[in-house]
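Novice: After the sequence you'll find the predicted model.
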Amino acid sequence: MDIQNLLDDIVGTIKPQLGQGETARYIPQLGDVAADQFGISVATGDGEVYASGDSEVPFSIQSISKVFALALVLAGDGDGIWKRVFREPSGNPFNSLVQLEHEDGIPRNPFINAGALVVTDRLVSITQDAAGAVLDLLRTESGNNSVQIDSAVAQSEARHSHRNASLAHFLASCGNLENPVQDVLDAYINQCSLAMSCTDLALASRFLASNGICVDGTPLLSSPQTKRINAVMLTCGTYDAAGEFAYRVGLPGKSGVGGGIIAVVPNNCTISVWSPGLGRSGNSIAGVAALDEFTTRTGLSIF
Ligand code: GLU
């Protein structure tokens, strides 16, 4: 199969869907991004990259950063994090407060905001600079040293972070934060505000398709740990639409409210898509449609 032709074709197929949905207006800086953009990149295990559309335009990775923070925590201190966060789909919005109270401050999974705050808290304890650790990993794995935190997005998110602050304070009240609320919030907001292109993200995610092995050949994760992250991505990576994503795409994936999604074909390749218009659950409408096209036409899904 000619992957480059396929990606170019997907860019054409997806055009009618561009601009559908809403940008993430609750973070004003993201609300202003032009919604008619679309990019797609594929990075194979042996280092080939195929890309089309707006694949080199940096965008705010938002919740996609949660995968890399979790990988660093699992790499840093193994399974301990699972005492502080479950790994079940939430079936609730990613920023829900209700479920956290019902479940006594143990978040449903590491990819909803409450769970990600716990993971980032642990990463602050391990590294003292959680966002810096995520940034270093992403720079090294993508080979792009100009990847950086978009400070305008970070400031915009910080000014509108009441919900995440509520979640963090509730976690602290349940004894499920090790560090001061403000330190955890700052680190979380900075990691979410990293800006990367589809190609950067596809390259940086390759260890998830390569049994945890980094670009320099060293292991970040063991093979079983990599299997487990991919499993949590499949069941919890696309908000409360993870069932629909599995049905349409059939791959582990993680989305962000910036409109990006990464997807993993184990032992084969990673795919990154971006288009800012979001559907009701917060996933990129054109991004999900493009991944559906890709896996349906290539047969590259885990099912
Ligand atoms: N920084 C965003 C928030 O906390 C991340 C949300 C997302 O991408 O799912 O609301």
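Specialist: Happy to help now that I have it.
Novice: The ligand contacts on the chain?
Specialist: Within the chain, the positions adjacent to the ligand are 62-63, 94-95, 113, 157, 164, 192, 256-257, 282 by CB under 6 Å from any ligand atom. C-betas here are computed from N, CA, C, even on glycine.
Novice: mind putting those in TSV, distance to Pro107, secondary structure and pLDDT included?
Specialist: As requested, the residues of the chain next to the ligand are arranged in TSV below (distance: CB to CB, whole Å; DSSP: H, G, I helix; E, B strand; the rest coil; pLDDT from 0 to 100):
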residue	distance to Pro107	secondary structure	pLDDT
Gln62	17	helix	98
Ser63	14	helix	97
Phe94	11	coil	84
Asn95	11	coil	85
Asn113	8	helix	96
Glu157	19	helix	95
Asn164	12	helix	96
Cys192	16	helix	98
Gly256	18	coil	97
Val257	18	coil	96
Gly282	17	coil	93
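Novice: Any chance of TSV for those, columns neighbour count?
Specialist: Shown next, in TSV, are the residues of the chain next to the ligand (neighbours: other CB atoms under 10 Å):
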residue	neighbour count
Gln62	24
Ser63	25
Phe94	22
Asn95	16
Asn113	22
Glu157	25
Asn164	22
Cys192	30
Gly256	28
Val257	25
Gly282	22
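Novice: Can you list the residue ranges for strands in the stretch 101-250 of the chain?
Specialist: 148-149, 194-196 (DSSP state E, counting those that start in this stretch).
Novice: Highest mean neighbour count out of these?
Specialist: strand 194-196 (a mean of 26; mean count of other CB atoms under 10 Å).
Novice: Could you export the strands of the stretch 101-250 of the chain to TSV, including columns for mean pLDDT?
Specialist: Below are the strands of the stretch 101-250 of the chain laid out as TSV (pLDDT from 0 to 100):
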stretch	mean pLDDT
strand 148-149	98
strand 194-196	98
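Novice: okay, those in CSV with distance to Asp77 next?
Specialist: Output for the strands of the stretch 101-250 of the chain, formatted as CSV (distance: least, CB to CB, whole Å):
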stretch, distance to Asp77
strand 148-149, 25
strand 194-196, 23
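Novice: Nearest to Ser90, out of the ones you listed?
Specialist: Closest approach to Ser90 among the strands of the stretch 101-250 of the chain (CB to CB): strand 194-196, 23.7 Å.
Novice: which intervals of the protein have sub-threshold pLDDT?
Specialist: Along the chain, the model assigns pLDDT under 70 to no residue.
Novice: please redo it, this time with the cut-off set to 80
Specialist: For the chain, the stretches flagged by pLDDT under 80 are 1.
Novice: out of the strands of the stretch 101-250 of the chain, which comes closest to Asn109?
Specialist: Each of those has some distance to Asn109 by CB to CB; the shortest is strand 194-196, at 21.1 Å.
Novice: Not counting that closest one itself, show me its contacts.
Specialist: Residues outside strand 194-196 that contact it (CB atoms under 8 Å, 6 or more residues apart in numbering): 58-61, 65, 131, 134-135, 138, 142, 144, 147-150, 153, 204, 260.
Novice: quick one: strands adjacent to it?
Specialist: Its sheet considered, strand 194-196 pairs with strand 59-60 (antiparallel), strand 148-149 (antiparallel) by DSSP bridges.
Novice: residue boundaries of the helices in the protein?
Specialist: 3-14, 28-31, 65-77, 98-102, 113-127, 130-142, 151-159, 162-173, 181-192, 198-204, 206-209, 223-236, 242-248, 285-298 (DSSP state H).
Novice: what's the most buried one of those helices?
Specialist: Most buried of these, by mean neighbour count (mean count of other CB under 10 Å): helix 198-204, with a mean of 27.
Novice: Now do it: everything it contacts.
Specialist: Here helix 198-204 makes contact (CB under 8 Å, 6+ apart) with 39-43, 49, 51, 54-56, 58, 61, 64, 68, 137-138, 141-144, 147, 196, 215, 260, 262, 269-274.
Novice: could you flag which of the residues you listed are buried?
Specialist: Buried members of the contacts of helix 198-204, scored by 16 or more other CB atoms under 10 Å, are 39-43, 51, 54-55, 58, 61, 64, 68, 137-138, 141-142, 144, 147, 196, 215, 260, 262, 269-274.
Novice: Which of the helices of the chain sits closest to Glu88?
Specialist: In terms of CB to CB, the element of those nearest to Glu88 is helix 223-236, at 7.4 Å.
Novice: Just want the angle from the closest one to helix 113-127.
Specialist: Calculated by axes from the mean of the first three to the mean of the last three CA atoms, to 10 degrees, helix 223-236 forms an angle of 150 degrees with helix 113-127.
Novice: which strands and helices sit next to helix 223-236?
Specialist: helix 65-77, helix 206-209, helix 242-248, strand 253-255 (3 or more CB pairs under 8 Å, 6 or more residues apart in numbering; DSSP states H and E).
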